[in-house]
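Enquirer: let me see the structure of the following:
(2 chains)
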Amino acid sequence: MKMKRRDLLKGMAGGLALAVLDAPGKSEARTIQALPPEALGILYDSTLCVGCNACMAACKEANHMPVESGSAEQIWDNPIDLSAKTLNIIKKYENGTAATKDVETDGYAFIKRQCLHCVDPSCVTACPVSALTKDKENGIVSYDKDVCIGCRYCQIACPYHIPKFEWDVAYPEIVKCQLCSHLIEQGGISACCSVCPTGASLFGRVEDLIEEARRRLQMTPGKTYAFPVSSMDSGKTHNFTAPKYIRHIYGQEELGGTQVMYLSAVPFENFGLDAFPKESFVSMSSGIQYAIYKGMVYPLVVLAALMFMVKKNKHGETPDANPPAPRQDQALLTQRGEDNE
Amino acid sequence: MSDAKPLGGRILTPTFLVCLLVIGVAGYYTYKRFLLGIGAVANLNDGFPWGLWISYDVVVGSAFACGGYVMALMVYVFNGGRFHPLVRPALLASMFGYSLAGVSVLVDIGRYFNVYNLYLPWQINLHSVMLEVALCITTYVFVMWLEFAPAFVEKWKLKKFGAVLDKVVFVLIALGVLLPTMHQSSLGTMMLMAGYKLSPLWHTSTLPLLFLFTALFMGFAMVIFEGTLSGRVYRLEDETHLLAKIGKIIAYLIGVYLILRLQNIFVRGAMPEAFSGSFLGYMFLLENALLLGGMFILAYPGYRHSPRLLFIAAVLVLCGGALFRFNTYIIGYNPGTGWKYFPSIGEQMITYGLIALEIAGYMLFVKFFPVFSAGHKSAAPIPVKE
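Expert: So this is what the prediction gives:
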């Protein structure tokens, strides 16, 4: 009996240790998210953006967001970053004299920050109550305030610092861009793209957007090309001279890919868009979770073993079965104390 | 079932009154938080969405409350019957620690009315580590109150309930060992999701194992800490020989832990960061030095049988383990966008209030309910003073 219990213990400990240590290798056990079939997104081309902020105004209007102002009068909207009141913002990179647009040294460039609608979103995996969900068809990551418990794990998990929290509201919500899904439902497109005068924010199917981004990377700098405006299928185009792009589509592969992607002539790190590996942090942690808790097999086996052992060890101490047992413990206790190990 | 007896004695001791005062102040800030929002009380922000409340009240606090877990493991799984007198006091402290961690979560989360969604099968997200932790902790709180229920049964002579409880208590105890094993390791898994925001000194796929180890040795250290204190305060029989044995277990656990921890840092090439002279490097060294110090004292029989050194070692281990958890959740966490965080006075007061509530509750319970074994009381009736 004694041997048996020891073996059982060893097996349990070994199994648990294996489950914990093996986890990174086992991460493929979890289905890696793929781009949804009708994935919708935005291609933001920094070189086309003139910094007019029309997208910010349109975003506030379409989503009924309040003005966020540095001045006490709150006359005009001038947020400094994404916040619980701002879902979309145009920010500016500046260096040295900031004389030339889209140049890294002594130049400047614009960047649009908003939710990137990841292919494998950390926030969706993190959320315990499925308040954040990714649409199976169009891939939009949306938020349901009627379910959210406000734990803010999504904020910890998001590698792009997107979800924001209403810190000064008694019963707060998480706030983030939902790609104007309410407009898309009615056949429209994201407000920021529909008002963008230059086509810097371009709405469309992600596959088409990647195609378009690749086309732009093929362009000869200095030659004139037609660039679609508003959305891929709007039929409207503008002619621009092609810039000297950084040869990378940011968001195509970062952390499993995103549905909002960037093109730029200035290295992406300058915009606070970090160089990320292809594998998302999600796969790491939920790989471990999966290895241990898959089908709850390990926990149930351990529970059964524990119940067996507790029942056996507890039996000896019930007063009816063995009245002097506690006294023995007591005696043993004092004895042990004297021999001082 | 047990030979434990209520201690009786005066309720309104000076310590108890101080606790009530702190609870009162905390109550004011809690009221303000619910009226005006979290931002009105706490320094939490979009860069640091989790602060003192999560890192101390839940992550560190629940490790401090692992005494019940480790004693159940010792007595009922490893058949260490001689430690039986330590089970109920440890369980009581754990019960308060965990229950109040639950209360603190309700203060911390924004949309508390929606909390029931954690228990709706069609709403839960099985991929979420947070879900596992939340479900495990709530179940464990219930399990602990039931595990402790024999004390109520003995006090109020609930014979029928007692008989039912006696039949299922082995299930409760088994759950009381399984659940903390699950959620204490998951508290480590939780921060894996932070990715690059967490310093490589703490971000490792071994985090779940490291969190499990810290829960174990911090639980044991808490048993020594509480055992020594309540022994002094309530003039109980000297338990040093028993506590020293627990100290020995701690020494072994920390030994294994430190090998794991340092080997992991070394293999991942993060060791230069530890000795780079950076703030985080020092925090890493301090965290491990505290544990090493505790282990050193506990490794020598001569040292660990001295009540004073044993207590000091327990404090070192508790501080080291707590620092590891603070480092993982707050100090080593850098969202990298210029955000700063240090807990505000109001935020701290709510945490102090919860600690005071734990102490006050513990003092009430040991006087009203059979917690300490009668055999432990000094033979000569000494009036209880504090």
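
Enquirer: so what's the residue nearest in space to the middle of chain B closest to, chain neighbours aside?
Expert: The residue lying closest to the centre of chain B (CA atoms, centre = their mean) is B:Phe64, at 2.2 Å. In space, and not counting its chain neighbours, B:Phe64 is closest to B:Met222: 5.3 Å by CB to CB, 6 or more residues apart in numbering or on different chains. For the C-beta atoms, the positions are set from N, CA and C on the backbone; glycine is no exception.

Enquirer: is it true that the one you found lies in a helix?
Expert: Yes - the assignment for B:Met222 by DSSP: H, G, I helix; E, B strand; the rest coil puts it in a helix.

Enquirer: sorry, back to before: check what pLDDT the residue nearest to the centre of chain B gets.
Expert: In this model, B:Phe64 is scored at 96, pLDDT.

Enquirer: hang on, it packs against B:Met218?
Expert: Yes - with contact defined as CB atoms under 8 Å, B:Phe64 and B:Met218 form a contacting pair (6.3 Å).

Enquirer: in chain B, which residue sits closest to chain A?
Expert: B:Gly110 (2.4 Å; CB to the nearest CB).

Enquirer: now for the residue nearest to B:Phe64: which residues touch it?
Expert: In this structure, B:Met222 makes contact with B:64-67, B:90, B:93, B:314, B:318, judged by CB atoms under 8 Å, 6 or more residues apart in numbering or on different chains.

Enquirer: coming back round to it: anything in contact with each of B:Phe64 and B:Met218?
Expert: B:318, B:322.

Enquirer: mean confidence score for stretch A:241-259?
Expert: Mean pLDDT, stretch A:241-259: 94.

Enquirer: show me which residues of that stretch are buried.
Expert: For stretch A:241-259, burial by neighbour count (16 or more other CB atoms under 10 Å in any protein chain shown) applies to A:242-243, A:245-246, A:248-252, A:254-259.

Enquirer: closest one of the residues you listed to chain B?
Expert: Once CB to the nearest CB is applied, the member of those that ends up nearest chain B is A:Leu255, at 8.3 Å.

Enquirer: hmm, the closest one is touching A:Glu279, no?
Expert: Yes - using CB under 8 Å as the test, A:Leu255 is close enough to A:Glu279 to be in contact (7.3 Å).

Enquirer: contacts only, for B:Lys155.
Expert: Shown in contact with B:Lys155 (CB under 8 Å, 6+ apart): B:6, B:368-370.

Enquirer: give me that answer again for 7 Å
Expert: Applying CB atoms under 7 Å, 6 or more residues apart in numbering or on different chains, we find B:Lys155 in contact with B:369-370.

Enquirer: one more: B:Val103?
Expert: Residues near B:Val103 by CB under 7 Å, 6+ apart: B:Leu354.

Enquirer: distance from the helix or strand harbouring it to the middle of the chain?
Expert: Here B:Val103 sits within helix B:84-108, counting by DSSP states H and E. Centroid displacement of helix B:84-108 relative to its chain, using CA atoms, centre = their mean, to the nearest Å, is 8 Å.

Enquirer: tell me the angle of whichever helix or strand comes after it relative to helix B:84-108?
Expert: Counting by DSSP H and E, the next helix or strand C-terminal to helix B:84-108 is helix B:129-156. Angle between the axes of helix B:129-156 and helix B:84-108 is 130 degrees (criterion: axes from the mean of the first three to the mean of the last three CA atoms, to 10 degrees).

Enquirer: from what I see, A:Lys236 and A:Val229 are in contact.
Expert: Yes - counting by CB atoms under 7 Å, A:Lys236 does reach A:Val229; the two are 4.3 Å apart.

Enquirer: so for these two, which residue has more residues nearby?
Expert: Remark: of A:Lys236 and A:Val229, A:Val229 carries more neighbours, 20 against 12, as counted by other CB atoms under 10 Å in any protein chain shown.

Enquirer: quick one, grab the pLDDT at the nearest residue to that one once chain neighbours are set aside.
Expert: Ranked by CB to CB, 6+ apart and with sequence neighbours excluded, the top spatial neighbour of A:Val229 is A:Gly199, at 3.8 Å. What the model reports for A:Gly199 is a pLDDT of 95.

Enquirer: what of B:Gly338?
Expert: 84.

Enquirer: so how far is B:Asn334 from the nearest residue to it once chain neighbours are set aside?
Expert: Among residues not flanking B:Gly338 along the chain, B:Gly47 sits closest, at 7.6 Å (CB to CB, 6+ apart). According to CB to CB, to the nearest Å, B:Gly47 and B:Asn334 sit 9 Å apart.

Enquirer: what lies in contact with stretch B:326-344?
Expert: So stretch B:326-344 is in contact with A:161, B:41-43, B:45, B:47-48, B:50-52, B:54-55, B:59-60, B:191, B:194, B:197-199, B:201-202, B:280, B:283, B:287, going by CB under 7 Å, 6+ apart.

Enquirer: list the buried ones in the host helix or strand of B:Arg232?
Expert: Here B:Arg232 sits within helix B:207-233, counting by DSSP H and E. Within helix B:207-233, the residues scored as buried using 16+ other CB under 10 Å are B:207-228, B:230-231, B:233.

Enquirer: show the subsequent helix or strand relative to that helix.
Expert: Next helix or strand after helix B:207-233 toward the C-terminus (DSSP H and E): helix B:240-267.

Enquirer: are we agreed that A:Gly110 is in a helix?
Expert: Actually, residue A:110 is Phe. It isn't Gly. No - looking at A:Phe110 with three-state DSSP, it is strand, so not inside a helix.

Enquirer: which residue comes closest to it once chain neighbours are left out?
Expert: A:Cys49 (4.1 Å).

Enquirer: and for residue 195, the neighbour number?
Expert: Unless you meant another one, I'm taking chain A. By other CB under 10 Å, 18 other residues sit near A:Val195.

Enquirer: oops, wrong one, chain B.
Expert: Neighbours of B:Gly195 (other CB under 10 Å): 21.

Enquirer: in the helix holding B:Val103, what counts as buried?
Expert: Judged by neighbour count (16+ other CB under 10 Å), helix B:84-108 contains these buried residues: B:84-102, B:104-105, B:107-108.

Enquirer: helix or strand right after the helix or strand A:Ile184 falls within?
Expert: Using DSSP H and E, A:Ile184 falls within helix A:181-185. On the C-terminal side of helix A:181-185, the closest following helix or strand by DSSP H and E is helix A:191-195.

Enquirer: which ones, among the buried residues of helix B:84-108, also lie beside chain A?
Expert: B:His84 (CB under 7 Å from any CB of the partner chain).

Enquirer: quick check, B:Ala299 in contact with B:Ala251.
Expert: Yes - with contact defined as CB under 7 Å, B:Ala299 reaches B:Ala251; the gap is 4.6 Å.

Enquirer: and the strands in chain A?
Expert: Applying DSSP state E to chain A gives strands spanning A:40-45, A:89-94, A:100-101, A:107-113, A:132-134, A:141-143, A:164-165, A:174-175, A:201-205, A:224-228, A:237-241, A:260-263.

Enquirer: of all the residues in the stretch 101-250 of chain A, which ones are close to chain B?
Expert: A:122, A:125-130, A:147-153, A:155-157, A:159, A:161, A:164-165, A:167-172.
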